[in-house]
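Visitor: Got a sequence here, can you build the structure:
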Amino acid sequence: MKTERAVTATALLAITVLAARVAPAGTDPAEDPVARLGQQRYARNCAACHGPGGRGDGTFAKLLTVRPSDLTVLARNNGGAFPFDRVYDVIDGRDIIAAHGSRDMPIWGQRYEDVAGDGSETVVRGRILELIIYLGSIQAR
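Guide: Purely as a prediction, here's the structure:
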């Protein structure tokens, strides 16, 4: 019980620190190790639908009923502020809210949990945060 609380506290601290540092638009992922990890994860998990540049023009996009979002304009469409919480919830996807409609995108939180093997929430959140930091770096100016 005590160990579980310590792990949870450490995970929350890490999430808070990472959330406060979403890579600014135009950041070169090659210069930010966390954004670089997010870029690699994006290439494996997201680019097929959202496209290599995040504009919703991936090779699978034409096969989908609903076109994937242009991920480069998330901040612009949110009054200039990157919508960290919303992006986190959409990528995670484990808490589906019926009022938000159907879920066309994979539930990455569950997939990352399955891959983690031990179901480590810290691993799941870390992977999602890597993606979010990378997405912050590709925002249109």
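Visitor: Report the rounded mean pLDDT for stretch 43-50.
Guide: Taken as a whole, stretch 43-50 has a mean pLDDT of 93.
Visitor: Quote the end-to-end distance of that stretch.
Guide: 10 Å (C-alpha to C-alpha, to the nearest Å).
Visitor: Which helix or strand contains Tyr134?
Guide: Following DSSP states H and E, one finds Tyr134 within helix 121-137.
Visitor: buried stuff in that helix?
Guide: 122-137 (16 or more other C-beta atoms under 10 Å). All C-beta spots, glycine's among them, are computed from the backbone N, C-alpha and C.
Visitor: Out of those, which is nearest to Phe84?
Guide: Closest approach between the buried residues of helix 121-137 and Phe84, by C-beta to C-beta: Ile132, at 6.4 Å.
Visitor: What is the neighbour count of the residue lying closest to the closest one once chain neighbours are set aside?
Guide: Leaving aside its sequence neighbours, Ile132 sits nearest to Val87 (C-beta to C-beta, 6 or more residues apart in numbering; 5.5 Å). Residues near Val87, counting by other C-beta atoms under 10 Å, number 20.
Visitor: Val87 and Leu74 touch, don't they?
Guide: Yes: assessed by C-beta atoms under 8 Å, Val87 is found in contact with Leu74 at 6.4 Å.
Visitor: any residues in contact with both of the two?
Guide: Applying C-beta atoms under 8 Å, 6 or more residues apart in numbering, one finds that Val87 and Leu74 are jointly contacted by Leu135.
Visitor: Pick the one among the buried residues of helix 121-137 closest to Gly79.
Guide: Minimum distance to Gly79 across the buried residues of helix 121-137 is 15.3 Å, recorded for Gly136 (C-beta to C-beta).
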